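In: Show me how the following folds:
(one chain, ligands or ions: 1)
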Amino acid sequence: MTMAYETMLPQALLFLALFLSYIALLHLAKRSKSKEQEQHKGRGCLPPSPKGLPLIGHLHLVGFLPHVSLRDLTGRYSRDGLMLVRLGSVPTIIVSSRHAAEAVMRTHDHLLASRPPSTIAHTLLYGSRDVIFAAYGDHWRRAKKILTLHLLTLKKVQSYRIVREEETCLAMTKVSDAADVGQAMDMSELLYSFTFEVMCRAVSGRSVKLNGTSRLFRELLNVTETLIGGFNAEDYFPWLLRIGAYRRSVCARAEKVRKRWDDLLDRVMDDDEEKLVQQHEPDFIEVLLSHRHEYGFTRDHLKALLVDIFVAGTDTSYIVLEFAMVELMRNPHVMARLQDEVRHGVRNSHDMVTEDDVMNMAYLKAVIKETLRLHPPAPLLAPHYSVTEIHIDGYMVPAKTPILINAWALGRDTSAWEDAEEFKPERFMDTGSEATVNFKGSDFQFLPFGAGRRMCPGILFSVSSIEIMLANLVHRFNWEVPTVMGETCLNMTEVFRLTLRRKEKLFLAPKMVTV
Ligand code: HEM
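Out: As a prediction, this is how the structure comes out:
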C-alpha cells in the first residue's frame, strides 16, 4: 500500500502541474487571439482558424503528413477552402479549394508570388540567388528567364531525346537481366538512377556513373533535401534567429553543405568551360556560361541555378514513375489496357518504344496525369508569400504571410472529381469526364506543377522522361509483386520532406513477354 502511494504521489503532482499549465495556456491563447483580432479590426477579417495553443499555435495539429491534416482541418473549419493556421508564431494561409487557388495563383498572383525568407535556403543558395527560393523581383525574373528561354524550351528538351532513349535502353537491359534469373528488382533504385542520369547528362553533357562523382551528387541531393525539408525551428519561431549562437549554428550547417556543392560544381563547371570551344549540342552548364554576362550572373548565381535544377528535377520525376508503377500493380485492368496500347503502338515491336511511338499513346499520357493527380510529388507546392495585404472573398491576407496551396487536396476534392480517390486514367481520355483538364496551370483543381508566375518550368523535361521510361517498362515485361510469407503487399505508407514519397522501396519481379 505504502509503495502504491509513493509511486502515485509524483504522478499526481505531475498531473496537477500539467492541468495548471493547460489552464494557463488556454488563457494565453484567448488573449493572443483577441490581440490578433484587435490588430486586424477594420481591415477585414482573417480566414477561419481552428483553436490553437499559445507558443506552438497549430503545429501540434499538423503532424507528419501535413497535406492530409491540413486538408482535414480545412474541411472542418472553412467553407471556402481558405484557412489560417499559426505554425509556431508564423500565421500561414492554407488554400484547399479550386476557387481559392485561382484567387491566389491567377487573380492576385502578382502580389502573392514571392517566397517566405529562409535562412537555410539563403545560406545554401548563395543568398537565395536561385529561382525556387528567390524573392519575387528582378533576380528571380532573370533567373527564370534563362531557364525558360534557354534551358527548358521544347527544342532543347527534344535535343536530349538521345540521352533519354540511351538511359532507358540501359535500364531495360537491367530489367531483362532480372527477368532472366527470375529475380525481383529494386525499382526505386532503377527509376531514381534513370532520372538522375538523364539530369546529369543534360546538365554536364556526360554520365557521372563512371567518374565517381555520382555517389557524391546523390549524397548531396539527399543532404540538401533533409536540410531544407526537415524541421527547422526558425521557420516557425523566427525570433530564435535573434539569438546569435542559434543563428550561427543554423548558418554553419547550411554553409557546410554549400561548400560541398561549391567544390563539386566548380569541378564540373571547370571541365565544361574547356568544352565551350568545341562544336556540339551545348549542355545546361555551357548554355548558362555562354549567357552569363548577358543576364548579369556571377559564377555563384549559376551554381545556385544548378542546385535548383538537380533538387527540383530529379526526385520529382522519379517519384511519379514509382507511383505510376505502384498504381498499375494495384489496378491490373489499367495495366492491361496500357500494355495493350503500348504493344500495339510500337512500329517495330521487337525494339524499344521510341519517343515517336509515345506521341500517339493517349492512355499512357492519361496514366501519367492520373498519377500526378493522386500523388503530386510536391503536395503543398513551394510556399508562396504575400508582398502586400490583399483580400480574397472578404478575408484579409496580411502582408508578409506564407501561403501553402494544397495541391494534393485539390486533386482529391470530391466536388471537383468523380470517384476522386480512385485511380481512373479513363477520366482524362477523349470521352472521359475530365477530357479537357490539364496540368498546365489553367485548371485550378489540378496543380501538380503549380500555376501562374511561379509555375514549374520543367514540365516538358520531366514528362518526356517519364513517358519514355514508363512505356518501355510495360512494353516487353509483365510485372509481379513479390510475395512475403505467401502474401503480396504494396505498402503505401508515405513520408513528407521536401517532396512526398513512398516510405519503403518498391520491389517488383519482371517477366519477359514476346510481343
Ligand atoms: C514531375 C516532375 C516535377 C514536378 C511535379 C514539379 C513540381 C513543381 C512545383 C509544384 C513547383 C512549385 C510551383 C509553385 O511554387 O507554385 C516547381 C517549381 C520549380 N520547378 Fe519543378 N517539378 C518537376 C520537375 C522539374 C524539373 C525537371 C525541373 C528542371 C529541370 C524543375 C524546375 C523547377 C524550378 C526551377 C522551379 C521554381 C520555379 C519558380 O519558383 O519560379 N522542375 N516544380
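In: So residue 116 is in contact with residue 383, correct?
Out: Yes - with contact defined as CB atoms under 8 Å, residue 116 reaches residue 383; the gap is 5.4 Å. To be clear about C-beta, it is placed using only N, CA and C from the backbone, and glycine gets the same treatment.
In: so what sits against both of the two?
Out: Residues touching both residue 116 and residue 383 (CB atoms under 8 Å, 6 or more residues apart in numbering): residue 402.
In: tell me which element the residue nearest to the spatial centre of the chain falls in.
Out: Centroid-nearest residue in the chain: residue 378, 2.7 Å away (criterion: CA atoms, centre = their mean). Following DSSP states H and E, there is no helix or strand that holds residue 378.
In: Quick check: residue 61 vs the ligand, distance?
Out: 24 Å (CB to the nearest ligand atom, to the nearest Å).
In: swap that for residue 268, please
Out: 16 Å.
In: what mean pLDDT does stretch 432-449 have?
Out: Averaging pLDDT along stretch 432-449 gives 96.
In: what does the stretch 1-150 of the chain have sitting close to the ligand?
Out: By the rule CB under 6 Å from any ligand atom, the part of the stretch 1-150 of the chain lying against the ligand is 131-132, 144, 147.
In: redo that, cut-off 5 Å
Out: When proximity is defined as CB under 5 Å from any ligand atom, the stretch 1-150 of the chain approaches the ligand at 131-132.
In: can you map out the helices along the stretch 1-150 of the chain?
Out: Listed in chain order, the helices of the stretch 1-150 of the chain (DSSP state H, counting those that start in this stretch) span 2-40, 59-62, 66-77, 98-102, 119-124, 138-146.
In: any weak-confidence spans in the stretch 1-150 of the chain?
Out: Applying pLDDT under 70 to the stretch 1-150 of the chain flags residues 1-43.
In: contacting residues around residue 377?
Out: 315-316, 319-320, 448, 499-501.
In: who's in contact with the residue lying closest to residue 509 once chain neighbours are set aside?
Out: Spatial nearest neighbour of residue 509, excluding adjacent residues (CB to CB, 6 or more residues apart in numbering): residue 184 at 4.1 Å. Counting by CB under 8 Å, 6+ apart, residue 184 makes contact with 178, 480, 482, 507-509.
In: Repeat that for residue 475.
Out: 339, 342-343, 346, 352-353, 515.
In: mind running it again at 6 Å?
Out: Residue 475 sits next to 342, 353 when contact means CB atoms under 6 Å, 6 or more residues apart in numbering.
In: What mean pLDDT does the strand or helix carrying residue 162 get?
Out: Here residue 162, judged by DSSP H and E, is contained in helix 161-180. The average pLDDT for helix 161-180 rounds to 96.
In: Return the set of buried residues in that helix.
Out: 163-165, 167-168, 171-172, 174-175, 178-179 (16 or more other CB atoms under 10 Å).
In: Those residues into CSV, with extra columns for distance to the ligand?
Out: CSV is the format used below for the buried residues of helix 161-180 (distance: CB to the nearest ligand atom, whole Å):
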residue, distance to the ligand
163, 13
164, 12
165, 17
167, 14
168, 16
171, 18
172, 21
174, 22
175, 22
178, 25
179, 27
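In: Let's have those residues in a markdown table, adding distance to residue 91.
Out: Formatted as a markdown table, the buried residues of helix 161-180 follow (distance: CB to CB, whole Å):
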| residue | distance to residue 91 |
| --- | --- |
| 163 | 45 |
| 164 | 44 |
| 165 | 49 |
| 167 | 45 |
| 168 | 47 |
| 171 | 46 |
| 172 | 51 |
| 174 | 50 |
| 175 | 50 |
| 178 | 51 |
| 179 | 55 |
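In: which one of the residues you listed sits closest to residue 97?
Out: Nearest to residue 97 out of the buried residues of helix 161-180 is residue 164 (CB to CB; 36.9 Å).
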